[in-house]
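*Asks:* give me a 3D structure for the following:
(chains A and B)
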2 protein chains.
Amino acid sequence: MTSAAARVGAIVEVAGPQIPELLARVEDRLAELARGHGPVLAQHAGATIAAGGKRLRPLLVLLAAGPQGADETQLLAAAAAVELVHSATLVHDDVLDSATLRRGVPTVWSQGGRELAIATGDLLFSRAFAELTAAGSLEAVRALSRASSALAEGELLQREDAWDVTVSVERYLYRCELKTARLFEAACELGALSARRDTGDVAALGAFGRRIGLAFQLLDDVLDVAGPESVIGKHRGTDLLDGTVTLPLILARERDPRLAEMNLRTVTTPEQAVALCDAIEATGALEQSRARAHAMVDEAKADVRSLELAERQRAALELVAESVVARSA
Amino acid sequence: MTSAAARVGAIVEVAGPQIPELLARVEDRLAELARGHGPVLAQHAGATIAAGGKRLRPLLVLLAAGPQGADETQLLAAAAAVELVHSATLVHDDVLDSATLRRGVPTVWSQGGRELAIATGDLLFSRAFAELTAAGSLEAVRALSRASSALAEGELLQREDAWDVTVSVERYLYRCELKTARLFEAACELGALSARRDTGDVAALGAFGRRIGLAFQLLDDVLDVAGPESVIGKHRGTDLLDGTVTLPLILARERDPRLAEMNLRTVTTPEQAVALCDAIEATGALEQSRARAHAMVDEAKADVRSLELAERQRAALELVAESVVARSA
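*Replies:* Predicted coordinates for the structure are as follows:
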């Protein structure tokens, strides 16, 4: 396991020097957008965007476009737009989950109230579409609107499924697809579209994105159970305390009759959640979940190998695919 | 003053029989969209859309397109999309204002919780863009994304200005423009775009929409102070209790030194709010506000008279313009 910075460094080394330059320009554009709507948004959206982390989605946009001749205006707008949608959902998710910290930074709602957070999320969301339509193609806007519909639908599905330990693996995977994978898919489609790749390539790069998005979410859910807390920056079992049933618990219930009989609502303290995490881990469900994530990454890598890509682009995409399951937080 | 149904009836009579047919198809499409995302959304979004009221924005889309040869797929998608954005903001606004009823129907958050309401609003919002991009032009998506950015920005501005009685008329009008008028503007632009009118006409019809949107919001704010409660369906002075400073209070403060010295935070009960409404009314500020709204409607009517439109279309647009200030709730 390596740090996020080291992983991005390795990817950039393979992909070429234009990637960090372009990422810096995306960063500038995001900062500009956060400043451009009055002091309230500048403070709250600025903090959210700054705390947004790895910029994995913009990186995917850039890498899917590849080294040769993308429309740069479209490309940068697409990279900023996917990150804005991601930021918007973070702001709303933190309200939904009553989370007070994100990456060590106070969340918008905890600083400015839930009302402000809802409006800030709405604005980031709207700005994403404004950004993309100003520069982009209708096809690109279509991809982003599909992804953001899916995100909201996934959120609704998760509320619907809360506390239901009988949820199936398929239903869980569908939820991950909606909540996470579709935006990864859109990021890759947007990159491919701005490089004017043909329909087949756009779809194949989109499929690559979807698979690594799924793997990313699976690993997130493994880490919530596995910890360690010093690395994930929160109590183990936070999802379980929220009633979110994820793959490790679903698989563990098939292996341990005591877990199969458990009512998740009886788990109400962080200590009980940690005990449940230990019980899940003891069944081997974490290894099984990790193996599923790795299998998806292998499929994703097969996706890109089937395409005619520049060697650097292929290598960089494969590295990103590996990075989503190699991370420890 | 006439009922909403009678007003729409009069408009339809002038505009021609294709308008109710098209409105019925918009209604079907909205119902279809509400049903198409699982039982939770069907229940909550369905109720919101059903309670959405007058369909003034879709009507504007249809009337701005006019009787001659609009692209029907684009037209219907545009009409549904503006209503979806409107519905999304209603769902989020009700969370922001902790409103339990809208048009006599329980609000989404009061039925399903704030979390569900945020996600439902996000989905309606995303669906609006998906709907428009599936059928529309990039130009149309651009107009809608500008309007929805403005909506969210207006909401943030309103939070920022809360309880500040020294807010200027210009700032108030700017807030109304963002919160209300820009979506009316987009509705007219979208209609004009689907009828493939030239850039000048799109802009002029947009300006018409913006003006009547402003007038609409001004009258809303007058009604909040004027009542009667039996007609507006809520206590007089609800906005004032929320700390929202509107034109009647701004103008009344210029005329009554006691109001100029008042701290809005001391107004905390419905009885005190009604007393404040009476004091505002006594200054003549309501007539002055109404006169402003009427002046905007006159300007809007001048906008449409400057265009080459079919006689029916012009008459229908003028009727809509009059209806926004003739209404009593």
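
*Asks:* in the stretch 201-329 of chain A, which spans are helices?
*Replies:* A:229-232, A:238-241, A:247-255, A:257-261, A:270-282, A:285-305, A:311-326 (DSSP state H, counting those that start in this stretch).

*Asks:* in a markdown table, list these along with distance to chain B.
*Replies:* Every residue, glycine included, has its C-beta placed from N, CA and C. Listed next are the helices of the stretch 201-329 of chain A as a markdown table, based on distance: least, CB to the nearest CB, whole Å:
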| stretch | distance to chain B |
| --- | --- |
| helix A:229-232 | 23 |
| helix A:238-241 | 15 |
| helix A:247-255 | 20 |
| helix A:257-261 | 27 |
| helix A:270-282 | 20 |
| helix A:285-305 | 25 |
| helix A:311-326 | 24 |
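
*Asks:* and the pLDDT at whatever residue of the stretch 151-300 of chain A ends up closest to chain B?
*Replies:* Going by CB to the nearest CB, chain B is nearest to residue A:152 of the stretch 151-300 of chain A, at 3.6 Å. Per-residue pLDDT puts residue A:152 at 88.

*Asks:* is chain B within reach of the helix or strand harbouring residue A:31?
*Replies:* Under the criterion DSSP states H and E, the helix or strand holding residue A:31 is helix A:18-35. No: applying CB under 8 Å from any CB of the partner chain, one finds helix A:18-35 separated from chain B by no less than 10.2 Å.

*Asks:* buried stuff in that helix?
*Replies:* For helix A:18-35, burial by neighbour count (16 or more other CB atoms under 10 Å in any protein chain shown) applies to A:19-20, A:22-23, A:26-27, A:29-30, A:33-34.

*Asks:* tell me where chain A has strands.
*Replies:* With DSSP state E as the criterion, chain A has strands at A:101-102, A:105-106.

*Asks:* who's in contact with residue A:263?
*Replies:* Residues counted as contacts of residue A:263 (CB atoms under 8 Å, 6 or more residues apart in numbering or on different chains) are residue A:165.

*Asks:* repeat that for residue A:285.
*Replies:* Residues counted as contacts of residue A:285 (CB under 8 Å, 6+ apart) are A:247-249, A:251-252, A:255.

*Asks:* make JSON lines out of the helices of the stretch 201-329 of chain A and add distance to residue A:55 and mean pLDDT.
*Replies:* Below are the helices of the stretch 201-329 of chain A laid out as JSON lines (distance: least, CB to CB, whole Å; pLDDT from 0 to 100):
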{"stretch": "helix A:229-232", "distance to residue A:55": "20", "mean pLDDT": "82"}
{"stretch": "helix A:238-241", "distance to residue A:55": "24", "mean pLDDT": "92"}
{"stretch": "helix A:247-255", "distance to residue A:55": "26", "mean pLDDT": "96"}
{"stretch": "helix A:257-261", "distance to residue A:55": "37", "mean pLDDT": "93"}
{"stretch": "helix A:270-282", "distance to residue A:55": "30", "mean pLDDT": "96"}
{"stretch": "helix A:285-305", "distance to residue A:55": "19", "mean pLDDT": "95"}
{"stretch": "helix A:311-326", "distance to residue A:55": "12", "mean pLDDT": "92"}
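
*Asks:* now those helices in a markdown table, with distance to residue B:323?
*Replies:* Output for the helices of the stretch 201-329 of chain A, formatted as a markdown table (distance: least, CB to CB, whole Å):
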| stretch | distance to residue B:323 |
| --- | --- |
| helix A:229-232 | 57 |
| helix A:238-241 | 51 |
| helix A:247-255 | 55 |
| helix A:257-261 | 62 |
| helix A:270-282 | 57 |
| helix A:285-305 | 56 |
| helix A:311-326 | 55 |
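
*Asks:* quick revisit: please list only the buried members of the contacts of residue A:285.
*Replies:* Looks like the contacts of residue A:285 have A:247-249, A:251-252 buried, using 16+ other CB under 10 Å.

*Asks:* right, and the pair among these with maximum separation?
*Replies:* Spatial extent of the buried ones among the contacts of residue A:285 (CB to CB) is set by the pair A:247 and A:252 at 9.2 Å.

*Asks:* how distant is the helix holding residue A:31 from the center of its chain?
*Replies:* 19 Å (CA atoms, centre = their mean, to the nearest Å).

*Asks:* now the angle from that helix to helix A:311-326?
*Replies:* With axes from the mean of the first three to the mean of the last three CA atoms, to 10 degrees as the basis, helix A:18-35 and helix A:311-326 are set at 60 degrees to each other.

*Asks:* okay, the strands of chain A, which one's buried deepest?
*Replies:* Each of the strands of chain A was scored by mean neighbour count; the highest is strand A:101-102, a mean of 17, by mean count of other CB atoms under 10 Å in any protein chain shown.

*Asks:* mean confidence score for it?
*Replies:* Across strand A:101-102, pLDDT averages out at 73.

*Asks:* partners of that strand, with directions?
*Replies:* strand A:105-106 (antiparallel) (DSSP bridges).

*Asks:* for residue A:284, what are its contacts?
*Replies:* Residue A:284 neighbours (CB under 8 Å, 6+ apart): residue A:255.

*Asks:* got phi/psi on it?
*Replies:* Phi and psi for residue A:284, reported as degrees, to the nearest 10, are phi 90, psi 10.

*Asks:* mind pulling the model confidence for it?
*Replies:* pLDDT, read off for residue A:284, is 96.

*Asks:* ok, residue A:76 to chain B distance?
*Replies:* 17 Å (CB to the nearest CB, to the nearest Å).

*Asks:* show the pLDDT at that residue.
*Replies:* Looking at residue A:76, its pLDDT reads 94.

*Asks:* closest to residue B:124 among the buried residues of helix A:18-35?
*Replies:* Ranked by distance to residue B:124 (CB to CB), these are led by residue A:33 at 23.4 Å.

*Asks:* give the contact list for the closest one.
*Replies:* A:45, A:49, A:80, A:84, A:127, A:131.

*Asks:* same check, this time on residue A:134
*Replies:* If you count contacts by CB under 8 Å, 6+ apart, residue A:134 has them with A:77, B:142.
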